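S.K.: here are the coordinates; sequence isn't available:
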C-alpha cells in the first residue's frame, strides 16, 4: 500500500516538475487562442458589451496581436482583471499578455518579473468632482474624501500630490474599479481620482454625467502599455512590434480599407511594413503576412483610436499627446528595416 | 544460567508482526512522505518563481509604502513602510473581530433566549430573525448595510446633527475628540482600584455566605465602589479631559473622531449575521438542560431568575461554548470580506495594496495566511481554556 502511494506521489511529482516553461509564442500557437488580461470596466478602452463581446481601444490591441500571431483577430480569450490581480495573473502564466490600463513604471518593469512592450496611450492622472462643489482647481481639494482604485499608481500619486502641496485627504480604496465609481456616484467621496482616460470613461457612464466635471490639472505621467513576462524576448518583440505596425501604418497612410492596394505601393517603407519586401515577418518569428493581417483585420492606430475613444466614440478624446510624432504628439514607431 | 525469555522478547520487539512496531513504521513513513511532498512543493515554487523573475525576498518590508489608509489605529502616514501598513491592517482586523465577537455574542444571547420566551410575539420575531439572517449570504448582507443603509445618508453639508456635537452623514459618524489632560491618569487609577476592590469584596461576601449563610449587599456596595471612586478622582483632578468638537470646513468635518461607514457596515454585518447562528446555539444549549433541573430548583424554592443564573445557564454553557468557539473563528475569518466594501483590514491593505505595489505575491499571501492562523489559534486556545472551566468535573 505504502509502496503504491509513494509510487503515485513520485510519478505525480515527476510529471509536475517536467512541465517545462515553453515560449509564449509556441504556447499560443499550440492553444490556437491568445489569452489576454484586461480591465472589464473602462468604457472605450476595454469593456464587454451587452452580448458579452469585448470592445475598446485596448481590446483592439489584443485583437491585433491575435491577428498577427494566429492570423485571426477573433481568436482572443479576454480575462477580466482588476488592478490588484493583473500583474499576478501575468506572472503566474494565467494570461499570455496584459493589455490593461497599467502604467509603465521602473519598478513594475524591473522587479515584478514582467516587462512593458511600449505605450499605446499616454495618459495622466486627474480628478473628477461634482459641479455643485464649485471646485475650480485641484489645489482646492484640501480635506476631501477621495475614491481610488487599489494597487494602482493613482494611489501613490495622490499621496505624493497632497503631501507636496501640504494638503490632507482621506482615501477610500476599493479593489474593484466599478465599486470605486459607485462609491463616488453615491456620494461616499467628494472626488474620484484616476487616469483622465478612465475618468472620462467613467463620467459618461454616470447616471448624471453633466453633474460631474474633470478638473484641468494633470498631476502625473501615466504611459499605459501592454506587458508580457520577462525572459521571453521573442514574445516581447511581437507585443512591441504589433503596436509599431499600427503606428507605422497610420504614418504611411495604410488603413484596413486600402491595405491590399498598398501592397503595390512604390514606397519602400510601406513595402517593408507589409512584408512585400524584406523579411519583417520572418524576423519577428511569424508569417510574411502578419502585418497585413493586423492592419486588415483590426486597423491602424488612428482607426482604432477614433472608433473606440476618439471622434467617432461617445468619449471624444482628442489625440493630443497621442498624435503621431510628425503631428506634434509622442507616438513614434522605430523604422521597419 | 541462560535466560531464555530474554532473546524471545527481543526478537518479538523487532518483529514486523508487532502491532506497535508496525504502527511506528507507518507513522514514520507518512511523516517522511509528507516532508518530501512539502519540500518538493517548496523547491518547485522557488525555482518557478526564480525562472519567472518574481521577487523572492522580504526586503520590501522596510520600503516606503507611499499610499494612504483612512482608518489607522497605529501611527501611519504615506511615508511609512510596507511593514507598518501590515500592522495597520492587522490592527484593523483585530478591532473589527473583537468588537464583532462582543456584539454578536450579546445579540445572539438575547435572540436565543427570546426564542424560548412564552411571549408569542417575542418568540416569533426572534425566530424570523434567525431564519432570515442566517439564510442570506454574508457578502450580500455586507453590501446591503454598506450600499443600501449607510451610503444613502446625507452628504456632510446636510449632516444629521445629534446633541453633544455628534454628526451622522455618508462619511460616517463624527464624534467629538477627547483630549486627556495630566489629571486623567488619576481617574484611570481610580477605575482600576474600584474594580480591584469590587472583586475583593465579592470574594469576601461569597466566603462569608459559605461560612455563615449570611448574604452581604454585594450589588449595592460594588455599584457604589465602581461609580464613586472614579467620580471622586474626577472631581479631585478638576475636569481631567476636554472635548474638541468637530466643525464643517470645506468638504468634511475637521477636529473630531470619525467612525467610517466601511467599518460600521462590516461590524454591523458580521455581528448580525453571526448572532443568528449564536442564537441557535444558545437556544439549543438551554433546551438541552433537562427540565427536571428547573423543576428541582423550583422545588427547592429558588426564584426564576436564580434558577436561570445558578442552575440552567452553567449547565447550558457546557454545551454552548464549543460551537460558540467555531462561530467566533468564522467571524474572524469572515472579516476578510472587508475587501468588498473598502474597509482597510489585513486583506485589503496587505494582500491588496501592498501585494500589488510590491509584486511579492507568495510572501504576502504566506504572511496573511499565517496571521489568520495565529489569530484563530489564539482565540481557539482561549475558548478552550474557558471551556475547561465550565466542563463537567467528574468527582
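M.R.: Arrived safely, thanks for sending. Because the structure is a prediction, the values reported are computed rather than measured. Numbers count the residues shown, from 1 in each chain, chains lettered A, B, ... in the order given.
S.K.: Chain A contacts on the stretch 101-250 of chain B?
M.R.: B:147, B:151, B:152, B:155, B:170, B:171, B:249, B:250 (Cβ under 8 Å from any Cβ of the partner chain). All C-beta spots, glycine's among them, are computed from the backbone N, C-alpha and C.
S.K.: if I look at the closest residue to chain B within chain A, how far off is residue A:177?
M.R.: For chain A, the nearest residue to chain B under the criterion Cβ to the nearest Cβ is residue A:151, separated by 2.8 Å. According to Cβ to Cβ, to the nearest Å, residue A:151 and residue A:177 sit 11 Å apart.
S.K.: Common neighbours of the two, please.
M.R.: Both residue A:151 and residue A:177 are contacted by residue A:83, under the criterion Cβ atoms under 8 Å, 6 or more residues apart in numbering or on different chains.
S.K.: quick one, strands of chain A?
M.R.: Along chain A, counting by DSSP state E, strands occupy A:34-38, A:47-48, A:54-55, A:76-80, A:97-98, A:114-116, A:121-123, A:125-130, A:144-149, A:169-174, A:191-195, A:212-214, A:222-224, A:227-229.
S.K.: show me what contacts the residue of chain A closest to chain B?
M.R.: Residues counted as contacts of residue A:151 (Cβ under 8 Å, 6+ apart) are A:83, A:84, A:175, B:352, B:353, B:355, B:356, B:357.
S.K.: Show me which of these is closest to residue A:263.
M.R.: The closest of the contacts of residue A:151 to residue A:263 turns out to be residue A:83 (Cβ to Cβ; 41.6 Å).
S.K.: Tell me which residue lies nearest the centroid of chain B.
M.R.: Note on chain B: the residue nearest the mean C-alpha position is residue B:98, at 3.2 Å, using Cα atoms, centre = their mean.
S.K.: Kindly confirm my reading that that one is in a strand.
M.R.: No. Secondary structure assignment places residue B:98 outside any strand; it is helix (DSSP: H, G, I helix; E, B strand; the rest coil).
S.K.: how close does it sit to chain A?
M.R.: 23 Å (Cβ to the nearest Cβ, to the nearest Å).
S.K.: what about that residue, distance to residue B:267?
M.R.: Going from residue B:98 to residue B:267 by Cβ to Cβ gives 10 Å.
S.K.: what's the answer for residue B:320, then?
M.R.: 23 Å.
S.K.: higher neighbour count, these two?
M.R.: Between residue B:320 and residue B:267, counted using other Cβ atoms under 10 Å in any protein chain shown, the more crowded position is residue B:320 (24 against 21).
S.K.: Before we move on, what's the pLDDT of the closest residue to the more buried one other than its chain neighbours?
M.R.: For residue B:320, ignoring the flanking residues on the chain, the nearest one in space by Cβ to Cβ, 6 or more residues apart in numbering or on different chains is residue B:285 at 3.8 Å. Looking at residue B:285, its pLDDT is 93.
S.K.: Look at residue B:285 and say how many residues are nearby.
M.R.: 21.
S.K.: so what's residue B:163 up against?
M.R.: Residue B:163 sits in contact with no residue, where contact means Cβ under 8 Å, 6+ apart.
S.K.: Show me how the chain divides into domains.
M.R.: Using chain A. A:18-122+A:224-317, A:125-220 (automatic domain parsing).
S.K.: switch to chain B, that's the one I care about
M.R.: B:5-51, B:82-177+B:257-390, B:182-239.
S.K.: would JSON lines of those with distance to residue A:101 be doable?
M.R.: Formatted as JSON lines, the domains of chain B follow (distance: least, Cβ to Cβ, whole Å):
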{"stretch": "domain B:5-51", "distance to residue A:101": "26"}
{"stretch": "domain B:82-177+B:257-390", "distance to residue A:101": "14"}
{"stretch": "domain B:182-239", "distance to residue A:101": "51"}
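S.K.: Determine which stretch of those is the most buried.
M.R.: domain B:82-177+B:257-390 (a mean of 18; mean count of other Cβ atoms under 10 Å in any protein chain shown).
S.K.: Spatially, what comes nearest to the residue in chain B that chain A sits nearest to if we skip its sequence neighbours?
M.R.: In chain B, the residue found nearest to chain A is residue B:356; the distance is 2.8 Å by Cβ to the nearest Cβ. In space, and not counting its chain neighbours, residue B:356 is closest to residue A:151: 2.8 Å by Cβ to Cβ, 6+ apart.
S.K.: what about chain B, any weak spots by pLDDT?
M.R.: Low-confidence segments of chain B (pLDDT under 70): B:1-14, B:393-395.
S.K.: Which parts of it are helices?
M.R.: B:5-13, B:19-51, B:82-115, B:120-133, B:138-143, B:184-212, B:218-236, B:261-287, B:291-299, B:304-306, B:313-334, B:346-348, B:355-358, B:361-390 (DSSP state H).
S.K.: Could you do the stretch 101-250 of chain A as well?
M.R.: Shown for the stretch 101-250 of chain A, the helices assigned by DSSP state H, counting those that start in this stretch span residues A:106-111, A:153-164, A:177-185, A:196-205, A:233-251.
S.K.: So for residue B:76, which of those helices sits nearest?
M.R.: Per Cβ to Cβ, nearest to residue B:76 of the helices of the stretch 101-250 of chain A: helix A:153-164, 11.5 Å.
S.K.: Name the residues of that closest one that are buried.
M.R.: For helix A:153-164, burial by neighbour count (16 or more other Cβ atoms under 10 Å in any protein chain shown) applies to A:153, A:154, A:155, A:156, A:157, A:158, A:159, A:161, A:162, A:163.
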